[in-house]
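S.K.: show me how the following folds:
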Amino acid sequence: MSSSTHKKVILRRHEQEPVRGWVNPQAYLTDAGVEMMTLDGNVAVLPFDQVKAVHFVRDFEEKSDHEERKVFASRPKLDGLWLRMRFKDQEVIEGILPNNLLFMESAGFMITPPDPYANSQKIFVPKLALAELTVLGVIGSAAATPRKKKGADTSEKQISLFT
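M.R.: As a prediction, this is how the structure comes out:
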């Protein structure tokens, strides 16, 4: 089942007020920029060089009682690439990028932010908004196999109930 509903977003711009509205998650990235419908019902296309980040949010109103974390407090549990991004205005955020080339966008990166209880559920960051991008780690790679504990081989010690 494909998601055809529009998603709530807060589009942050460089040194300007954010724009609130909705995007079609399958078609919001165009050659010209980010296409969205604003709260007043107008369709706008903002060029990537004006966009700092597109926050896919639960609510349009940002709650002041919960300050969103921008970096992980410890090593994340989610599988993927652990990234640190420094924007041109020197703001730093971290996130998890799926370790799958099929999810890569030519215009930027869709990350999962560090705070699971925050208003932002996903964040799209255009490449043009970044001054630096660092991979801090690869979480859950297929190359890393779990180690067996000593004495953990119980296959011969296990009794058979249904044979």
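
S.K.: give me the neighbour count for residue 54.
M.R.: By the criterion of other C-beta atoms under 10 Å, residue 54 has 26 neighbours. Where you see a C-beta, it was placed from the backbone N, CA and C, and this is true even at glycine.

S.K.: quick check: the gap between it and residue 34.
M.R.: 6 Å (C-beta to C-beta, to the nearest Å).

S.K.: now the common contact residues for these two.
M.R.: Counting by C-beta atoms under 8 Å, 6 or more residues apart in numbering, the residues touching both residue 54 and residue 34 are 11, 23, 28, 124.

S.K.: can I assume the last one sits in a helix?
M.R.: No: under DSSP: H, G, I helix; E, B strand; the rest coil, residue 124 sits outside any helix and is assigned strand.

S.K.: who does it form a beta bridge with?
M.R.: Per DSSP bridges, the residues bridged to residue 124 are residue 54, residue 110.

S.K.: check contacts around residue 20.
M.R.: Listed by C-beta under 8 Å, 6+ apart, the contact set of residue 20 reads 8, 9, 10, 11, 38, 39, 60.

S.K.: out of those residues, the closest to residue 96 would be?
M.R.: residue 9 (19.1 Å; C-beta to C-beta).

S.K.: for the closest one, grab the count of nearby residues.
M.R.: Using other C-beta under 10 Å, residue 9 has 27 other residues around it.

S.K.: wait, residue 53 sits on residue 128?
M.R.: No: if you go by C-beta atoms under 8 Å, residue 53 and residue 128 don't touch, sitting 11.3 Å apart.

S.K.: quick one: which of these two has more around it?
M.R.: residue 53 (25 against 16).

S.K.: ok, which stretches of this structure are strands?
M.R.: In the chain, the segments counted as strands under DSSP state E are 7-13, 19-23, 34-38, 43-46, 51-57, 80-87, 92-97, 108-111, 120-126, 130-139.

S.K.: dump those to JSON lines, plus distance to residue 162.
M.R.: Below are the strands of the chain laid out as JSON lines (distance: least, C-beta to C-beta, whole Å):
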{"stretch": "strand 7-13", "distance to residue 162": "48"}
{"stretch": "strand 19-23", "distance to residue 162": "53"}
{"stretch": "strand 34-38", "distance to residue 162": "57"}
{"stretch": "strand 43-46", "distance to residue 162": "62"}
{"stretch": "strand 51-57", "distance to residue 162": "48"}
{"stretch": "strand 80-87", "distance to residue 162": "39"}
{"stretch": "strand 92-97", "distance to residue 162": "41"}
{"stretch": "strand 108-111", "distance to residue 162": "46"}
{"stretch": "strand 120-126", "distance to residue 162": "44"}
{"stretch": "strand 130-139", "distance to residue 162": "38"}
